[in-house]
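K.L.:
Here's my sequence, what's the structure:
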Amino acid sequence: MTLAWLRVRPGTRSLRLRSVAMPMGVTVSPASEWDAIAKDVLPGWLAAESLECLCHKVYPPLRAACGLDRLLIVWRQGSRPAGWAQSPPEADALAVHGWYDALRAQPVFTGGSADTPDLATAELRIDEPLRRMGLVHTARVHTAQPAIYDLYWSHAVEAPGGSGLVGTPLWRALELALANHARVESLRELTHIDTLSGAFNRRYFNLRLMEEVARSDRFGRPLSLIIADLDHFKPLNDTQGHQAGDVVLRYVGQAVRRSVRSIDILCRLGGDEFAVLMPDTDAAECALLGERLCRGLGGHEFSLHGHPAGSGDAFQLHLSLGGAVHPDQADRAERLLWCADMALLEAKRRGGNRFVFYDSATVGGAKA
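P.N.:
You can find the predicted model right below:
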């Protein structure tokens, strides 16, 4: 089923008629109701540039129409929590942040067995921390993209007949807005992926570095950064060709992604240099991951152009890694990147194939 909706054209006051697919299970309300929604509400919701912006836009109409006191939206990409937003934004912000961190730390659903139910069919529960915050109503919205939205909300005055939100015209408009958000994010992610390694690219790294530093400052949680560089990679390209180098880079991207948490952000900065941003990770945990990556990937041999592993012509992988933590070593994003880079250079200076954690007394200089 399709529904015509109106979109505000940027820089003008004119409306443009568009047609979109309706989410599963959505039925169209009488024309008069949809006319009002399409004119007054839906264009702004569809133009929201982020989940946080969308949440702030939908909250006032839902509050006026259904008496919502609070709204929390949790966005998942497949089984991986990808973000959250709430209105009012300051309501129990630290408590919600702690709950979301615990959610991200949970094992990722991998299938539809009885022990690990698929999120597409699993019943959405209200965790006890959310109940204590008064978020006693919940619903799940599925989209055509691999995106799922879990909504939690409360009313200023609870009605005996239920939440009074699901199934209303505004709810159906919200489903459309969330489906639109999923499509936009899916396209945006394509522009941020390095197709060779499967990691995020440098542009995405720059965006997330600033966001995660701001998030670290806001909630008082540590943020770690590891930068890795492949040892003796240029001679490999020069002697075996760039296709051989591509094989190695593809392996490194896959191997590192398997070694980090779902909430960690793996990026290829360029050439043979990779970075891992690790929210809520202190110095000890950063060093633990750095050493694990060095041991786990180091020594892996590649059979290239018919030369078997173990032969003199096979390439043996080794990595140099440098790590630093915000705010312990760095008070801003640029400084964090510089500290991790200086630690990486120190690892190279010591012969490579090792992890070095930034220490101002032994690594680099005093200023970025």
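
K.L.:
quick one, what contacts A228?
P.N.:
By Cβ atoms under 8 Å, 6 or more residues apart in numbering, the contact set of A228 is 256, 273-276, 293, 319-321, 344. All C-beta spots, glycine's among them, are computed from the backbone N, C-alpha and C.

K.L.:
typed the wrong thing, it's N201
P.N.:
192-194, 267-268.

K.L.:
Restricted to strands, list the contacts of A228.
P.N.:
Residues of these located in strands (DSSP state E): 273-276, 319-321.

K.L.:
Those residues, buried ones only, as a ChimeraX selection?
P.N.:
Buried subset of the ones in strands among the contacts of A228, written as a ChimeraX selection, criterion 16 or more other Cβ atoms under 10 Å:
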select :273,274,275,276,319,320,321
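
K.L.:
could I get the ones in strands among the contacts of A228 as a markdown table with distance to W45 and pLDDT?
P.N.:
Below are the ones in strands among the contacts of A228 laid out as a markdown table (distance: Cβ to Cβ, whole Å; pLDDT from 0 to 100):
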| residue | distance to W45 | pLDDT |
| --- | --- | --- |
| E273 | 40 | 95 |
| F274 | 38 | 96 |
| A275 | 35 | 97 |
| V276 | 35 | 97 |
| L319 | 46 | 92 |
| S320 | 48 | 95 |
| L321 | 44 | 96 |
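
K.L.:
what's the most distant pair in the ones in strands among the contacts of A228?
P.N.:
V276 and S320 (14.0 Å; Cβ to Cβ).

K.L.:
Tell me which stretches of this structure form strands.
P.N.:
2-8, 15-21, 68-77, 80-87, 137-142, 147-155, 223-230, 265-270, 273-279, 301-302, 315-316, 319-326, 354-357.

K.L.:
could these go into JSON lines alongside distance to R188?
P.N.:
Compiled in JSON lines, the strands of the chain are given as follows (distance: least, Cβ to Cβ, whole Å):
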{"stretch": "strand 2-8", "distance to R188": "18"}
{"stretch": "strand 15-21", "distance to R188": "18"}
{"stretch": "strand 68-77", "distance to R188": "12"}
{"stretch": "strand 80-87", "distance to R188": "12"}
{"stretch": "strand 137-142", "distance to R188": "19"}
{"stretch": "strand 147-155", "distance to R188": "12"}
{"stretch": "strand 223-230", "distance to R188": "22"}
{"stretch": "strand 265-270", "distance to R188": "15"}
{"stretch": "strand 273-279", "distance to R188": "18"}
{"stretch": "strand 301-302", "distance to R188": "34"}
{"stretch": "strand 315-316", "distance to R188": "35"}
{"stretch": "strand 319-326", "distance to R188": "25"}
{"stretch": "strand 354-357", "distance to R188": "33"}
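
K.L.:
Between these, which one is closest to L337.
P.N.:
Between L337 and the strands of the chain, the tightest spacing by Cβ to Cβ is seen for strand 223-230, at 6.9 Å.

K.L.:
The closest one: partners in the sheet, and parallel or antiparallel?
P.N.:
strand 273-279 (antiparallel), strand 319-326 (antiparallel) (DSSP bridges).

K.L.:
chain center to the first one: distance?
P.N.:
This points to strand 273-279. Computed by Cα atoms, centre = their mean, to the nearest Å, the chain-centroid distance of strand 273-279 equals 13 Å.

K.L.:
what's next to that strand, contact-wise?
P.N.:
Contacts for strand 273-279 (Cβ under 8 Å, 6+ apart): 197, 199, 205, 208-209, 212, 215-216, 221, 223-229, 252-253, 256, 260-261, 263-269, 285-286, 289, 340.

K.L.:
State the distance from the residue nearest to P146 when sequence neighbours are not counted to L269.
P.N.:
Nearest residue to P146 in three dimensions, chain neighbours excluded: G78, at 4.7 Å (Cβ to Cβ, 6 or more residues apart in numbering). According to Cβ to Cβ, to the nearest Å, G78 stands 26 Å off from L269.

K.L.:
And for I126?
P.N.:
The value you get for I126 to L269, if Cβ to Cβ is used, is 41 Å.

K.L.:
got the CA coordinates for stretch 209-229 in CSV?
P.N.:
Taking C-alpha atoms only, stretch 209-229 is exported to CSV below (Å, rounded to 0.1, in the frame of the first residue of the first chain):
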residue,chain,number,x,y,z
LEU,A,209,35.3,11.3,16.9
MET,A,210,33.7,14.7,17.6
GLU,A,211,30.4,13.2,18.7
GLU,A,212,32.0,10.6,21.0
VAL,A,213,34.2,13.2,22.7
ALA,A,214,31.2,15.4,23.3
ARG,A,215,29.3,12.4,24.6
SER,A,216,32.2,11.5,26.9
ASP,A,217,32.3,15.1,28.3
ARG,A,218,28.6,15.2,28.8
PHE,A,219,28.3,11.9,30.8
GLY,A,220,31.7,11.8,32.3
ARG,A,221,32.7,8.5,30.7
PRO,A,222,36.1,7.6,29.2
LEU,A,223,36.7,7.3,25.5
SER,A,224,39.6,5.3,24.1
LEU,A,225,41.2,5.4,20.7
ILE,A,226,43.6,2.9,19.1
ILE,A,227,45.3,3.6,15.8
ALA,A,228,46.9,0.6,14.0
ASP,A,229,49.3,0.5,11.1
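
K.L.:
got the buried residues for that stretch?
P.N.:
Those would be 209, 212-213, 216, 221-229, for stretch 209-229 by 16+ other Cβ under 10 Å.

K.L.:
where exactly do the helices run in the stretch 201-350 of the chain?
P.N.:
202-219, 233-240, 242-259, 283-297, 333-349 (DSSP state H, counting those that start in this stretch).

K.L.:
Kindly reformat those as TSV and extend each row with distance to W153 and mean pLDDT.
P.N.:
Below are those laid out as TSV (distance: least, Cβ to Cβ, whole Å; pLDDT from 0 to 100):
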stretch	distance to W153	mean pLDDT
helix 202-219	23	92
helix 233-240	51	84
helix 242-259	35	90
helix 283-297	35	92
helix 333-349	34	95
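
K.L.:
Lovely, talk soon.
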